[in-house]
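Participant: Fold the stuff below for me.
(chains A, B and C)
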Amino acid sequence: MPELPEVETVRAGLAPVLEGARLSRVEARRPDLRFPFPPDFIQALTGARIETLQRRAKYLLARLDRGRTLVMHLGMSGRFEIGGGRTPGAFHHAVATEAPHAHVVFETEAGDRVTYFDPRRFGYMDLIPTEALETHRWFADLGPEPLSDAFDANRLAQAFAGRKQGPKTLLLDQRIVAGLGNIYVCEALNRARISPFRAAGSIGKGRLERLVPEIKAVLTEAIAAGGSTLRDFAQADGALGYFQHRFRAYDREAEPCANPGCRGVILRKVQAGRSTFYCPVCQR
DNA sequence: CTCAGCTCCTGCGGGC
DNA sequence: TGCCCGCAGGAGCTGA
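Facilitator: The predicted structure follows:
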């Protein structure tokens, strides 16, 4: 599911319920997601108060009042729902059925319930000492937030210098810029009319100065739209993001390029194991 | 160091 | 209808 705009949408949806809330009950319905839960996961969370719910790159960070932070990554198919955890209509059965793939349930003293679903289980959660977050291996090497001033053309030029890989691959590298994924990289390169395949080191500074604002623009627009709903992404309140209707390249194979004045057609090619959607006419 | 390829896991849609 | 294949929003690992 989630790239930066989707994770930010989830954060914004959960914050009203979780920020300032004290957890009265936490349930892990299996021993692991991508990784095992820490041994004291339930014990450490039960009774803890969530001070803030923040986002860094594609991670959600729930800072607890106990010196640790609950770190959550949604992988490919992770999703939160306010409520949930039981199959709707389960009361029709003699025994309530657990909703499929509802792996973690958080209940607050205020009576709210937040359920984490993740069919593919590429997501993960851990408890990390808050003061050690920045040096933790998940965060130590992360690049700048793409929407921050720290992410600019100079930074990108430095990262691209001498590299033969395409800008597509490098923009997916979270050490260069943190939060982009396959959709928004395809979209930003199409908007900036830069080929995903050319050697990143050969892209002139002027073109990077066009690319950076396009990255920021597509992310900002996607956040405003509540993210993109491809298969199963929904906001925490169940509302669907609608940015997918504004895709110009991603998932638009054989459709006309939307760039003004371009008469090209979007192609799909596999690059580094991922689908790359691009316009061979205007993206150079 | 760089880079391509493979891996984890489940579900879904298209083609036959 | 049912089966098989390819593909999916991430990212870490391997080995050349």
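Participant: Every contact and neighbour count from this point should use C-alpha atoms.
Facilitator: Will do.
Participant: Run through the helices of the stretch 151-284 of chain A in chain order.
Facilitator: For the stretch 151-284 of chain A, helices defined by DSSP state H, counting those that start in this stretch occupy the ranges A:153-160, A:167-171, A:182-192, A:205-224.
Participant: and the shortest one, what does it pack onto?
Facilitator: Contact partners of helix A:167-171 among helices and strands, from 3 or more CA pairs under 8 Å, 6 or more residues apart in numbering; DSSP states H and E: helix A:182-192.
Participant: And the longest one, by the same measure?
Facilitator: Contact partners of helix A:205-224 among helices and strands, from 3+ CA pairs under 8 Å, 6+ apart: helix A:4-18, helix A:153-160, helix A:182-192.
Participant: okay, now the residue nearest to A:D251 when sequence neighbours are not counted: neighbour count?
Facilitator: In this structure, A:D251 finds its nearest non-sequential neighbour in A:F277, 6.9 Å apart by CA to CA, 6 or more residues apart in numbering. Other residues near A:F277 number 27, with proximity taken as other CA atoms under 10 Å.
Participant: hang on, the earlier thing: just name the most buried of the helices of the stretch 151-284 of chain A.
Facilitator: Stretch with highest mean neighbour count among the helices of the stretch 151-284 of chain A: helix A:182-192 (a mean of 24; mean count of other CA atoms under 10 Å).
Participant: and A:R193, how many neighbours does it have?
Facilitator: So A:R193, with other CA under 10 Å, has 20 neighbours.
Participant: rewinding a little: would you mind giving the helices and strands packed on helix A:205-224 as TSV with distance to DNA strand B and mean pLDDT added?
Facilitator: Formatted as TSV, the helices and strands packed on helix A:205-224 follow (distance: least, CA to the nearest atom of the strand, whole Å; pLDDT from 0 to 100):
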stretch	distance to DNA strand B	mean pLDDT
helix A:4-18	19	96
helix A:153-160	8	96
helix A:182-192	13	97
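Participant: Might one say that A:L61 is in contact with A:M72?
Facilitator: Yes - if you go by CA atoms under 8 Å, A:L61 and A:M72 touch, sitting 6.5 Å apart.
Participant: Can you pick out the residue with more neighbours from the two?
Facilitator: Between A:L61 and A:M72, A:L61 has the larger neighbour count (other CA under 10 Å), namely 24 against 18.
Participant: quick one: which helix or strand includes the more buried one?
Facilitator: strand A:59-64 (DSSP states H and E).
Participant: List the buried residues for that strand?
Facilitator: The neighbour-count check on strand A:59-64 (16 or more other CA atoms under 10 Å) flags A:Y59, A:L60, A:L61, A:A62, A:R63, A:L64 as buried.
Participant: From these, pick the one nearest A:P39.
Facilitator: Nearest to A:P39 out of the buried residues of strand A:59-64 is A:L64 (CA to CA; 17.2 Å).
Participant: I'd say that closest one and A:G47 touch.
Facilitator: No - the criterion here is CA under 8 Å, and A:L64 misses it with A:G47 at 10.1 Å.
Participant: Next to DNA strand B in this structure, residues from the stretch 151-284 of chain A, please.
Facilitator: Within the stretch 151-284 of chain A, the positions near DNA strand B by CA under 7 Å from any atom of the strand are A:R163, A:K164, A:Q165, A:Q271, A:A272, A:G273.
Participant: 10 Å - rerun?
Facilitator: Applying CA under 10 Å from any atom of the strand, one finds that the stretch 151-284 of chain A approaches DNA strand B through A:159-167, A:169-170, A:197, A:199-201, A:231-232, A:270-274.
Participant: Show me where chain A has its strands.
Facilitator: Assigned by DSSP state E, the strands in chain A fall at A:23-28, A:50-56, A:59-64, A:68-73, A:79-82, A:102-108, A:113-117, A:124-129, A:267-271, A:274-278.
Participant: out of those strands, which comes closest to A:F41?
Facilitator: A:F41 lies closest, by CA to CA, to one member of the strands of chain A: strand A:124-129, at 7.3 Å.
Participant: Can you list the buried residues in that closest one?
Facilitator: For strand A:124-129, using 16+ other CA under 10 Å, the buried residues are A:Y124, A:M125, A:D126, A:L127, A:I128.
Participant: Who are the contact partners of the closest residue in space to A:M72 that isn't next to it in sequence?
Facilitator: Ranked by CA to CA, 6+ apart and with sequence neighbours excluded, the top spatial neighbour of A:M72 is A:M125, at 4.4 Å. By CA atoms under 8 Å, 6 or more residues apart in numbering, the residues touching A:M125 are A:L33, A:F35, A:F37, A:L70, A:V71, A:M72, A:H73.
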